[in-house]
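1. what's the 3D shape of this:
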Amino acid sequence: MSDSPASAHHIKPFINENANSKALHFRICDVQSCMRINDPNALALEYTRTMMGFLLFKPEPRSIGMVGLGGGSLAKFCYHHLRSARIQIAEINPLVIALREEFHIPPDDVRFIVFQSDGVDFVRRGPSRFDVLVVDGYDLEGLPARLSSQGFYDDCHETLDPDGIMVVNLQYGDPDNDEHVARIRRSFDGSVLVVDDGELSHSIVFACKGHALETYPLRTIRRPKGLDPAASSQLLAGFALIASALKDQRG
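-> So this is what the prediction gives:
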């Protein structure tokens, strides 16, 4: 695959494959996405399963926006298991989009579309408002400044429906995380929950435009309506992490 003039300034990803899995990388030490060969639609990485915890607060989303495609793990899971949801994804790097078939990412259709777009523009001037906004846009250098500014998070809040939720992936232990979370709190009036995944590799931030974090009942973890048992079983450990963090936050 040769670089075109339009993509010459983008980092070229590569694939590392073995008998069991296929991974997307920008450099060999960092895994951007991972797919199981025998189950392409499964969530192979724990942090992605934790990010799907937005279903605890928004169990039947109708419109999902995503910033960052990567290998499409979250996009595929939502497409196959949340059949009432329309999914729109912004991916700035055309060389990532060019690998979508390698990772079994479905073609665009009436309820699934990938835009080659900067996430900032997608959120600020995008085609829709969203019930759920998933932000997982990393490049070779980490989290881009344009996807972690106060203005960006303000725009994320604005593009959500009144009871919408944003979920953001942060690398665990990043020294700038406290500032990122502080910005999200300002944008979302403090309605924020931070959950470290079970592998202590990612911190997942849930930010609600409404009051779902304050009103979610802690007595039991409910399987989202309409989600089949096989899909739910992938998410239960992440749901438990979220419930525990929510309980600790409420004191």
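2. Which parts of the stretch 151-251 of the chain are strands?
-> With DSSP state E, counting those that start in this stretch, the ranges of strands along the stretch 151-251 of the chain come out as 160-171, 192-196, 202-208.
3. Next one: the closest residue in space to Arg223 that isn't next to it in sequence relative to Leu99, how far apart?
-> Taking Cβ to Cβ, 6 or more residues apart in numbering as the measure, Arg223 lies nearest to Ser232, with 4.8 Å between them; neighbours along the chain are not counted. Heads up, the C-betas are built off the backbone N, CA and C, glycines and all. Counting by Cβ to Cβ, to the nearest Å, the separation of Ser232 from Leu99 is 29 Å.
4. At the geometric centre of this protein, which residue do we find?
-> The central residue of the chain, meaning the one whose C-alpha is nearest the mean C-alpha position (Cα atoms, centre = their mean), is Val134 at 3.8 Å.
5. Tell me if I'm right that Pro94 and Ser117 touch.
-> No. The pair Pro94 and Ser117 fails to qualify as a contact (Cβ atoms under 8 Å) at a distance of 10.5 Å.
6. Have a look at the two and say which one is more surrounded.
-> In this view Pro94 and Ser117 are compared by other Cβ atoms under 10 Å, and Ser117 has more residues nearby, 17 against 13.
7. Might you calculate how far the lengthiest helix in the chain sits from the centre of the chain?
-> With secondary structure taken from DSSP state H, the chain has its longest helix at helix 229-250. A distance of 16 Å separates the centroid of the chain from that of helix 229-250, by Cα atoms, centre = their mean, to the nearest Å.
8. Give the buried residues for it.
-> Taking 16 or more other Cβ atoms under 10 Å as the basis for neighbour counts, the residues of helix 229-250 that come out buried are 231-232, 234-235, 238-239, 241-243, 245-246.
9. Next: stretch 38-46.
-> 40-46.
10. Could you give the separation of that stretch from the chain centroid?
-> Here the centre of stretch 38-46 is set off from its chain's centre by 15 Å, with Cα atoms, centre = their mean.
11. what does stretch 27-46 give?
-> On Cα atoms, centre = their mean, the centre of stretch 27-46 falls 14 Å from the chain's centre.
12. quick one on the thing from earlier: quickly note the distance from the residue nearest to Arg223 to Phe239.
-> According to Cβ to Cβ, Ser232 and Phe239 sit 9 Å apart.
13. Can you read off the pLDDT for the closest residue to Leu200 other than its chain neighbours?
-> By the measure of Cβ to Cβ, 6+ apart, the closest residue to Leu200 outside its immediate chain neighbours is Tyr172, 5.4 Å from it. As summarised for this prediction, Tyr172 has a pLDDT of 88.
14. quick revisit: can I have the longest helix of the chain written out in PDB, keeping just the CAs?
-> These are the backbone C-alpha positions of helix 229-250, laid out as PDB (Å, rounded to 0.1, in the frame of the first residue of the first chain):
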ATOM      1  CA  PRO A 229     -26.200 -13.700  27.000                       C
ATOM      2  CA  ALA A 230     -23.000 -14.400  25.000                       C
ATOM      3  CA  ALA A 231     -22.400 -10.700  24.500                       C
ATOM      4  CA  SER A 232     -23.400  -9.900  28.100                       C
ATOM      5  CA  SER A 233     -20.900 -12.500  29.500                       C
ATOM      6  CA  GLN A 234     -18.000 -10.500  27.900                       C
ATOM      7  CA  LEU A 235     -19.000  -7.400  29.800                       C
ATOM      8  CA  LEU A 236     -19.900  -8.600  33.300                       C
ATOM      9  CA  ALA A 237     -16.400  -8.100  34.800                       C
ATOM     10  CA  GLY A 238     -16.300  -4.600  33.400                       C
ATOM     11  CA  PHE A 239     -19.800  -3.900  34.800                       C
ATOM     12  CA  ALA A 240     -18.600  -5.100  38.200                       C
ATOM     13  CA  LEU A 241     -15.600  -2.700  38.100                       C
ATOM     14  CA  ILE A 242     -17.900   0.200  37.300                       C
ATOM     15  CA  ALA A 243     -20.400  -0.700  40.100                       C
ATOM     16  CA  SER A 244     -17.500  -0.900  42.600                       C
ATOM     17  CA  ALA A 245     -16.100   2.400  41.500                       C
ATOM     18  CA  LEU A 246     -19.500   4.000  41.700                       C
ATOM     19  CA  LYS A 247     -20.100   2.600  45.200                       C
ATOM     20  CA  ASP A 248     -16.700   4.000  46.300                       C
ATOM     21  CA  GLN A 249     -17.500   7.400  44.800                       C
ATOM     22  CA  ARG A 250     -20.800   7.600  46.600                       C
END
